[in-house]
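**Student:** sequence? don't have it. structure:
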């Protein structure tokens, strides 16, 4: 039986991150895991905080009646209230549980949002480079992704976004801290974007949603702060998860937060609840909802990632490879030495058992992304291999 044409075409360009991850598994079987430097996927190796394990164990052993049954599609009311307090602190707004819809991770949240707000051929503006799954998420709901290249320092190009806005623009999607660059957009950038979107709304009568994808919100360094979105622009929505912040990617738990000044916010929230149901999520996992409601004050151990970042920067500097200094998340974006052949450079890295993801996968030819959510010893052990690749690559380019 044939599969859908669109899916068949997509399979040919399936996620390079997953491809490299799977190739890494094969290399580890062949050469031993200790000899393969797998920086391909953002799968945190840190265990969740001890408070998570304690909470999980207690909730499982309580065996309360109905604790594994259905609840309202938006999530347990008490969980939504707990998350609303957390979001209010982070976003500088006053919201209650009605503004929260629990989701199956940030990916589930984004699909719920786009299903709720997109009409056929509506456009979503995204700053390039960007997480490669954004395209399929938007296409799932018959929208069109519109790319706007980032500024040279990978900040948002506000003027470029302004030029891309039109009557079909339904949303602008931002991701900070950013995958793949590690950039944290400054408050002035978010404020400038809000001004542009407000002006566009006044001129056209359609205010685009500002959708913030924030799975890395708490993973920031050197005093950086992820700026609030909900308090800056009325027509804003946040998609967040605990996959990265608390190292729970496999548990698929996240939430959507709706800005309190959104026009017809009750209609929007009802739409998000409805699309949660009809997309087949039905509700976020019950056990994980109850867990995270008790962990709103628990933070990721950023110091560990900061040490790994420092080790990776030192490794790259020793090999003479340029990089963007990550302000957040756990990725480091590196320039291909002497050219734009990121696929060729990735292949050269793989010969030395180093796995990264070519920047073309993110819409940025000439770059390679490495994930440093791995053991620091692996990062340090890779130094000789990076030096060897750099020397070989330079010789090939002469």
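**Tutor:** Looks like it came in fine. Keep in mind that this is a model prediction, so the values were computed, not measured.
**Student:** switch to C-alpha atoms for all contacts and neighbour counts from now on
**Tutor:** Fine.
**Student:** Confirm for me that residue 157 is in contact with residue 147.
**Tutor:** No - counting by CA atoms under 8 Å, residue 157 stays clear of residue 147, with 11.1 Å between them.
**Student:** Pull up the overlap in contacts between those two.
**Tutor:** residue 127 (CA atoms under 8 Å, 6 or more residues apart in numbering).
**Student:** Centre-most residue in the protein?
**Tutor:** Closest residue to the average C-alpha location of the chain: residue 215 at 5.2 Å, with CA atoms, centre = their mean.
**Student:** where's that one relative to residue 10, distance?
**Tutor:** Residue 215 sits 25 Å away from residue 10, going by CA to CA, to the nearest Å.
**Student:** about what we covered before: got the phi/psi numbers for the residue nearest to the centre of the chain?
**Tutor:** Main-chain torsions, residue 215, degrees, to the nearest 10: phi -70, psi -20.
**Student:** So it versus residue 179, what's the distance?
**Tutor:** Distance from residue 215 to residue 179, counting by CA to CA: 10 Å.
**Student:** what do you get for residue 141?
**Tutor:** For residue 141, the distance to residue 179 equals 23 Å [CA to CA].
**Student:** who has more neighbours, those two?
**Tutor:** Higher neighbour count among residue 141 and residue 179: residue 179, with 26 against 20, using other CA atoms under 10 Å.
**Student:** So residue 112 is in contact with residue 277, correct?
**Tutor:** No - counting by CA under 8 Å, residue 277 is not a contact partner of residue 112; they are 9.1 Å apart.
**Student:** Which one's more surrounded, those two?
**Tutor:** residue 112 (28 against 16).
**Student:** show me the contacts for that one.
**Tutor:** Contacts of residue 112 (CA under 8 Å, 6+ apart): 272, 275, 276, 279.
**Student:** what do you get for residue 110?
**Tutor:** 137, 213, 239.
**Student:** Check what pLDDT the closest residue to the first one other than its chain neighbours gets.
**Tutor:** For residue 137, ignoring the flanking residues on the chain, the nearest one in space by CA to CA, 6 or more residues apart in numbering is residue 111 at 5.8 Å. Reported pLDDT at residue 111 in the predicted model: 98.
**Student:** got any ranges where this structure has weak pLDDT?
**Tutor:** Scanning the chain for pLDDT under 70 picks out 1, 11-18, 21, 398.
**Student:** That one: helices as residue ranges?
**Tutor:** Assigned by DSSP state H, the chain shows helices spanning 5-11, 16-31, 50-62, 77-91, 105-117, 134-139, 158-164, 187-204, 265-278, 286-293, 302-319, 342-351, 376-381, 383-397.
**Student:** Kindly reformat those helices as CSV containing distance to residue 172.
**Tutor:** Shown next, in CSV, are these (distance: least, CA to CA, whole Å):
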stretch, distance to residue 172
helix 5-11, 24
helix 16-31, 24
helix 50-62, 34
helix 77-91, 18
helix 105-117, 11
helix 134-139, 12
helix 158-164, 9
helix 187-204, 9
helix 265-278, 17
helix 286-293, 28
helix 302-319, 29
helix 342-351, 28
helix 376-381, 36
helix 383-397, 37
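**Student:** which one of those has the most crowded surroundings?
**Tutor:** helix 105-117 (a mean of 24; mean count of other CA atoms under 10 Å).
**Student:** Report the inter-axis angle for it versus helix 265-278.
**Tutor:** Relative orientation of helix 105-117 versus helix 265-278 (axes from the mean of the first three to the mean of the last three CA atoms, to 10 degrees): 120 degrees.
**Student:** Since that was my last question, I'll sign off now.
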